[in-house]
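[1] mind folding the following:
(2 chains)
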There are 2 protein chains.
Amino acid sequence: MNEIKLFAPGTIANLSCGFDILGLCLDNVGDEMIIRKSNQKGIRITKIVGADLPFETEKNVAGVAALAMLETIETGFGFEIEIYKNIKAGSGIGSSAASSAGAVFGINELLGRPFTNKELVQFAMQGEKLASGSAHADNVAPALLGGFTLVRSYEPLDIIKIKSPDEMFATVIHPQIELRTSDARSILKQNISLKSAIVQWGNVGGLIAGLYTNDYELIGRSLHDEIVEPLRSILIPAFDLVKKSAIENGALGVGISGSGPSIFALSKGKETAEKVAKVMCEVYDGINLPYEIHVSKINDEGIKVLNSN
Amino acid sequence: MNEIKLFAPGTIANLSCGFDILGLCLDNVGDEMIIRKSNQKGIRITKIVGADLPFETEKNVAGVAALAMLETIETGFGFEIEIYKNIKAGSGIGSSAASSAGAVFGINELLGRPFTNKELVQFAMQGEKLASGSAHADNVAPALLGGFTLVRSYEPLDIIKIKSPDEMFATVIHPQIELRTSDARSILKQNISLKSAIVQWGNVGGLIAGLYTNDYELIGRSLHDEIVEPLRSILIPAFDLVKKSAIENGALGVGISGSGPSIFALSKGKETAEKVAKVMCEVYDGINLPYEIHVSKINDEGIKVLNSN
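    The predicted model follows:
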């Protein structure tokens, strides 16, 4: 195999109570990438369509992730990477993670899979470090593994994949505002009350239990965030109204996707997810705020190979 | 059915990372109770063996739990309760919970089960309120439901039962010191760092995932407590050494049972659990501290009916 074309999916991190530990993988929202072997050693970004991103390998998240991987394995050749972006940078649905994960996944395939997808997470995290300053895994893990993922620990890195309940759909609305990750970070408090923390870890437990037992109601009851959402939601236009409308129309739960500004809802079944999309759109239509809207099944597979030769 | 004799098991609450939300049920550590219908309405405690506890219904945890239950249902008769205590008060393995849960379970059986075991939790919690000042559920829930239990939320009360992995055993050592729950409470800090909280809820997620997938290693990796154990363990003699010895001898994880002073270990298989018991005992033998030791399979059933007529 000399060349591979793949779909690098968008992802939703945090998932309400699961701040910094949980994520899920989207199915029909994502980038495409082509990765091919090259006689020239090293990594070269040869094409970028749909976004204004750096071609210099060391400044491009896909390049950095790929370099981290190649540091650990001897190859007689190099790789060219083409990136066709659909996920907007700064949307909160894992744009940098898709590129980082896609790069290492593609190279791994071309090398005959020396690494498991779980092992690839550590390399993709280096792309995240370039993008946001922190080598977090809560987007790259679901991109690489699919379904829902839990980052139990970073030291050592310990990631658990949880299969998505079959009828789970996500709705994601991306209001077209700029929200810097650094602002979303700086609004957080460094200390929280033990009482709130207990509520939060009760909900984390409930969410994980709900996922393993396909208990959609339990998942819905657990999708609350005591800690982060009350602070960050202030930065997102009409968050409370979007959330209320979605819940009233059948969403199991609603929260901030990643560090925002996108808002996600989870629903049982496509019909409900589409109804939820409709009422979310109506809120932003009502205040003339442009947006993008996505309805997606949870993608239990993660990155998909579109073709190879 | 006019009379029922039952086994009311001891329980371990908190389970390291699961402070205030998780608990498990022991199999061969517990009290016995006899509950019988009486022509005299109301609740009477007619016999207490093995402990110096109040006979006045309103001052006895079993009495208070039973009264809370009878407030919600019309009966043409009353109940007598006999309590044969084996679980020491103040041991940290749910002595009051066993009595509270046993009382409402027994009466429910004699009434032909108008309530599910899950519904009984709210009544048993009233006994806990009498015992400790707070109507907590993390001991009564595993006593009534068996296995592992998650108290996701108190308002509304939302309890999830998780079946125990088949080979899971607990070792519990109870150093014979007095540790007041109020002291164990007051040593806690009201605020914690967000960073520690995230580590904690990552571990809660890992523990729940491990229980659903029978992944003993994952359960072991998740049995850490960032928040409470570092503070409370200071109150328990030789805690660090007991823990270290148990881990070195194969325990999956070790923590404080409830608010102490008992220390629990979880192990895969009876043989390991007994080896862990041996080394735990050696630590206290070495400092001439009296103790009780228990090795128990996790009891997936909860309270057991011994006989009835």
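
[2] could you list the low-pLDDT ranges of the stretch 201-309 of chain A?
    Low-confidence segments of the stretch 201-309 of chain A, defined by pLDDT under 70, are absent.

[3] in it, which spans are strands?
    Defined through DSSP state E, counting those that start in this stretch, the strands belonging to the stretch 201-309 of chain A, from first to last, are A:253-256, A:263-268, A:291-297, A:304-308.

[4] output the longest strand belonging to chain A.
    Identified as the longest strand of chain A according to DSSP state E is strand A:22-38.

[5] and the helix or strand just after that one, what does it pack against?
    Scanning forward in sequence from strand A:22-38 by DSSP states H and E, the next helix or strand is strand A:43-49. Helices and strands touching strand A:43-49, as assessed by 3 or more CB pairs under 8 Å, 6 or more residues apart in numbering or on different chains; DSSP states H and E, comprise helix A:61-70, strand A:78-84. Quick note: C-beta positions are derived from backbone N, CA and C, even for glycine.

[6] dump the ones you listed to JSON lines, plus mean pLDDT and distance to B:I247.
    JSON lines is the format used below for these (pLDDT from 0 to 100; distance: least, CB to CB, whole Å):
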{"stretch": "helix A:61-70", "mean pLDDT": "97", "distance to B:I247": "33"}
{"stretch": "strand A:78-84", "mean pLDDT": "98", "distance to B:I247": "44"}
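
[7] just those: most buried one?
    Comparing the helices and strands packed on strand A:43-49 on average neighbours per residue, with mean count of other CB atoms under 10 Å in any protein chain shown, the densest one is helix A:61-70 at a mean of 26.

[8] quick one, that helix and strand A:22-38 angle?
    Computed by axes from the mean of the first three to the mean of the last three CA atoms, to 10 degrees, the angle separating helix A:61-70 from strand A:22-38 equals 80 degrees.

[9] could I get helix A:61-70 in PDB with only the CA atoms?
    Coordinates of the C-alpha atoms in helix A:61-70 are reproduced here as PDB (Å, rounded to 0.1, in the frame of the first residue of the first chain):
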ATOM      1  CA  VAL A  61      -0.700  19.600  13.900                       C
ATOM      2  CA  ALA A  62      -0.800  16.700  11.400                       C
ATOM      3  CA  GLY A  63       2.900  17.200  10.700                       C
ATOM      4  CA  VAL A  64       3.900  17.300  14.400                       C
ATOM      5  CA  ALA A  65       1.800  14.200  15.300                       C
ATOM      6  CA  ALA A  66       3.400  12.300  12.300                       C
ATOM      7  CA  LEU A  67       6.900  13.400  13.400                       C
ATOM      8  CA  ALA A  68       6.300  12.200  17.000                       C
ATOM      9  CA  MET A  69       5.300   8.800  15.500                       C
ATOM     10  CA  LEU A  70       8.300   8.600  13.200                       C
END
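
[10] so which elements touch it?
    For helix A:61-70, where contacts count as 3+ CB pairs under 8 Å, 6+ apart, the packed elements are strand A:43-49, strand A:78-84, helix A:95-110, helix A:117-132.

[11] can you rerun that using 6 Å?
    Helix A:61-70 is packed against strand A:43-49, helix A:95-110, helix A:117-132, with contacts defined by 3 or more CB pairs under 6 Å, 6 or more residues apart in numbering or on different chains; DSSP states H and E.

[12] does chain B have contacts with the last one?
    Same thing as helix A:117-132. No - applying CB under 6 Å from any CB of the partner chain, one finds that helix A:117-132 is not in contact with chain B, the shortest distance being 13.1 Å.

[13] returning to that earlier point: mean pLDDT and mean neighbour count added to the helices and strands packed on helix A:61-70, as TSV?
    What follows is the helices and strands packed on helix A:61-70, written out as TSV (pLDDT from 0 to 100; neighbours: other CB atoms under 10 Å in any protein chain shown):
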stretch	mean pLDDT	mean neighbour count
strand A:43-49	98	17
helix A:95-110	98	29
helix A:117-132	96	22
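
[14] identify each buried residue in the longest strand of chain A, please.
    Residues A:22-27, A:29-38 are the ones in strand A:22-38 that count as buried (16 or more other CB atoms under 10 Å in any protein chain shown).

[15] stretch A:231-248 too?
    So for stretch A:231-248, counting by 16+ other CB under 10 Å, buried means A:232-233, A:235-239, A:241-243, A:245-247.

[16] and for stretch A:214-223, what's in contact with it?
    Residues from elsewhere that reach stretch A:214-223 (CB atoms under 6 Å, 6 or more residues apart in numbering or on different chains): A:S16, A:P165, A:N203, A:G206, A:L207, A:G210, A:L252, A:G253, A:K268.

[17] so what's the fourth one up against?
    What it means is A:G206. With contact taken as CB under 6 Å, 6+ apart, A:G206 is in contact with A:L218, A:S222, B:R152.

[18] can you report how many residues lie near the first one?
    Going back to what we said before, that points to A:L218. 21 (other CB atoms under 10 Å in any protein chain shown).

[19] just the last one next, same as before
    Neighbour count for B:R152, taken as other CB under 10 Å: 25.

[20] helices or strands up against the helix or strand hosting A:T171?
    A:T171 belongs to strand A:168-175 when assigned by DSSP H and E. Using 3+ CB pairs under 6 Å, 6+ apart as the contact criterion, the elements in contact with strand A:168-175 are strand A:263-268, helix A:270-286, strand A:291-297.

[21] kindly recompute the last result at 8 Å.
    Identification of packing neighbours for strand A:168-175 by 3+ CB pairs under 8 Å, 6+ apart yields strand A:3-13, strand A:22-38, strand A:263-268, helix A:270-286, strand A:291-297.

[22] out of the buried residues of strand A:22-38, which are close to chain B?
    On the criterion CB under 8 Å from any CB of the partner chain, A:L22 are the entries of these that sit beside chain B.

[23] which of the buried residues of strand A:22-38 sits closest to B:E301?
    Among the buried residues of strand A:22-38, A:L22 lies closest to B:E301 (CB to CB), at 32.2 Å.

[24] isn't the closest one right up against A:A13?
    Yes - under the criterion of CB atoms under 8 Å, A:L22 lies in contact with A:A13, with a separation of 7.3 Å.

[25] what do those two both touch?
    Each of A:D138 lies in contact with both A:L22 and A:A13 under the rule CB atoms under 8 Å, 6 or more residues apart in numbering or on different chains.

[26] quick revisit: list just the nearest of the buried residues of strand A:22-38 to chain B.
    Ranking these by separation from chain B, with CB to the nearest CB as the measure, puts A:L22 on top at 7.2 Å.

[27] could you pick out the longest helix of chain A?
    In chain A, ranked by residue count with DSSP state H as the criterion, the top helix is helix A:194-212.

[28] just the CA coordinates of that one, formatted as PDB?
    Taking C-alpha atoms only, helix A:194-212 is exported to PDB below (Å, rounded to 0.1, in the frame of the first residue of the first chain):
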ATOM      1  CA  LEU A 194     -16.100  19.100  47.300                       C
ATOM      2  CA  LYS A 195     -19.900  19.000  47.200                       C
ATOM      3  CA  SER A 196     -20.100  19.900  43.500                       C
ATOM      4  CA  ALA A 197     -17.300  17.500  42.800                       C
ATOM      5  CA  ILE A 198     -19.300  14.600  44.300                       C
ATOM      6  CA  VAL A 199     -22.300  15.500  42.200                       C
ATOM      7  CA  GLN A 200     -20.100  15.500  39.200                       C
ATOM      8  CA  TRP A 201     -18.400  12.200  39.800                       C
ATOM      9  CA  GLY A 202     -21.800  10.700  40.600                       C
ATOM     10  CA  ASN A 203     -22.900  11.800  37.100                       C
ATOM     11  CA  VAL A 204     -19.700  10.400  35.500                       C
ATOM     12  CA  GLY A 205     -20.500   7.100  37.100                       C
ATOM     13  CA  GLY A 206     -24.100   7.300  35.900                       C
ATOM     14  CA  LEU A 207     -23.100   8.200  32.300                       C
ATOM     15  CA  ILE A 208     -20.600   5.300  32.100                       C
ATOM     16  CA  ALA A 209     -23.100   2.900  33.500                       C
ATOM     17  CA  GLY A 210     -25.800   4.100  31.100                       C
ATOM     18  CA  LEU A 211     -23.400   3.600  28.100                       C
ATOM     19  CA  TYR A 212     -22.600   0.000  29.100                       C
END
